[in-house]
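Enquirer: only geometry, no sequence info:
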Ligand SMILES: Cc1ncc(COP(=O)(O)O)c(C=O)c1O
């Protein structure tokens with residue numbers, strides 16, 4: 001059996017034939033068209049907070065950082081355990097990443113954040129990541145940032161990288177509401193996808209208005225820019241796919257969460273694999289199904305992955321190497337992050353997608369059991 005890491009949720013051609021034919025016929029294929037506008041309106045209604053659509057999650061991060069007023073050369077706290085786009089966006093927006101440890105739930109460690117805010121006086125933005133779909137400790141982070149900001153000349157903003165976490169909740173509130181803004185990716189591997197795309201959600205209309213300008217080359221009116229933006233437009237083709245998927249989202253999410261439960265139940269009975277800790281007051285989006293090798297397999301992650309590959313099971317070591325160990329980012333890393341380094345060497349993302357079957361899950365977990373028998 002072959003089990004891929006991801007199978008994107010995509011419409012059938014017949015599902016979107018009508019709007020596709022419409023835009024192909026009338027030529028209105030981009031430049032903030034009808035479907036992009038509909039997508040923004042319906043996402044805003046779903047999240048219960050306004051959102052602006054852009055061409056990717058990376059673009060959304062860059063533009064949100066710029067719109068929040070990140071000063072060139074000022075610092076942005078990011079976890080080291082994340083996809084490299086988080087820190088790349090900081091650099092592309094003119095900031096300097098400061099790498100933070102993660103806690104047991106694999107989101108940014110509040111204690112380390114408190115330490116970093118005491119250490120650096122030029123932190124403009126805190127950028128935690130709802131990693132794999134697990135919401136960060138948003139209340140604790142808000143308190144820490146508020147306390148650290150007292151008496152500072154510049155306000156510290158909080159921007160969440162929610163690339164993995166569309167549909168997740170903290171208490172009963174959907175992500176999208178927290179911090180000054182939240183950024184989602186709509187790329188094909190995400191729980192809601194428009195093939196490629198991104199969103200910024202915020203209850204601050206001025207911030208969103210600035211992002212709307214920045215995504216259109218910074219144009220103020222006619223062809224005159226007052227500041228430097230970029231092409232961050234979401235095409236109508238992408239919006240049509242995104243809109244279709246959004247309308248299926250609640251149904252698909254129920255299926256996905258049920259399948260996550262099947263998986264988690266089976267993994268819980270394994271000796272040498274554990275699941276990162278989860279907080280009871282949050283609802284995970286389960287973009288990824290993550291296990292940590294432990295016990296006798298703790299230093300045999302790559303052997304386990306090679307074995308699973310030989311059985312047709314595709315996995316990834318997300319996120320290894322952690323950013324502070326990567327060539328592109330090492331120069332911004334001025335200290336060891338032992339917990340992050342350890343976790344990044346023990347993590348495996350297993351195949352997971354909305355349409356995964358019980359048979360496929362059983363086959364993957366069977367592969368993990370065989371790995372325990374062979375290598376532990
Ligand atoms: C945590 C995180 N942030 C940002 C991004 C960037 O999103 P995009 O690929 O849409 O640019 C990704 C992409 O996978 C991601 O995993």
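Expert: Structure's in. What do you need? Worth saying up front: this structure is predicted, and the values here are computed from it rather than measured.
Enquirer: which is the next helix or strand following the host helix or strand of residue 146?
Expert: Following DSSP states H and E, one finds residue 146 within helix 138-149. Next along the chain after helix 138-149, taking DSSP H and E as the criterion, comes strand 157-161.
Enquirer: check whether the helix ranked longest in the chain contacts the ligand.
Expert: As assigned by DSSP state H, the longest helix anywhere in the chain is helix 236-268. No: Helix 236-268 lies out of reach of the ligand by Cβ under 6 Å from any ligand atom, never closer than 11.0 Å. Every residue, glycine included, has its C-beta placed from N, CA and C.
Enquirer: which residues touch the helix or strand that that helix is followed by?
Expert: Counting by DSSP H and E, the element after helix 236-268 in chain order, helix or strand, is strand 273-274. With contact meaning Cβ atoms under 8 Å, 6 or more residues apart in numbering, strand 273-274 is reached by 267, 291, 292, 293, 294, 297, 348, 368, 372.
Enquirer: which of those sits closest to residue 108?
Expert: Residue 108 has its nearest neighbour among the contacts of strand 273-274 in residue 292, at 17.8 Å by Cβ to Cβ.
Enquirer: other SSEs contacting whichever strand or helix holds the closest one?
Expert: For residue 292, the host element (DSSP H and E) is strand 289-293. Contact here means 3 or more Cβ pairs under 8 Å, 6 or more residues apart in numbering; DSSP states H and E; on that basis strand 289-293 packs against helix 236-268, strand 273-274, strand 347-350.
Enquirer: partner strands of that strand, with direction?
Expert: Next to strand 289-293 in the sheet, as set by DSSP bridges, lie strand 273-274 (antiparallel), strand 347-350 (antiparallel).
Enquirer: quick check, it touching the ligand?
Expert: No: Strand 289-293 stays clear of the ligand (Cβ under 6 Å from any ligand atom), getting no nearer than 12.9 Å.
Enquirer: just the strands paired with strand 289-293: most buried one?
Expert: strand 347-350 (a mean of 23; mean count of other Cβ atoms under 10 Å).
Enquirer: average model confidence for the helix or strand just after that one?
Expert: Downstream of strand 347-350, the next assigned helix or strand under DSSP H and E is helix 358-375. Taken as a whole, helix 358-375 carries a mean pLDDT of 98.
Enquirer: show me the contact partners of helix 358-375.
Expert: By Cβ under 8 Å, 6+ apart, the list of residues contacting helix 358-375 reads 1, 3, 259, 262-263, 266-267, 270-273, 291, 296-297, 300, 303-304, 307-308, 311, 313, 350-351.
Enquirer: list buried residues within those.
Expert: Listed as buried from the contacts of helix 358-375 are 3, 259, 263, 266-267, 270, 272-273, 291, 297, 300, 304, 307-308, 313, 350-351; burial here means 16 or more other Cβ atoms under 10 Å.
Enquirer: what does the stretch 101-250 of the chain put close to the ligand?
Expert: 129, 161, 163, 164, 185, 187, 198.
Enquirer: now the third one. Its backbone dihedrals?
Expert: Pointing back at residue 163 there. The phi and psi values for residue 163, taken as degrees, to the nearest 10, are phi -50, psi -30.
Enquirer: one more: the fourth one?
Expert: For residue 164, the backbone dihedrals (degrees, to the nearest 10) come out as phi -100, psi 0.
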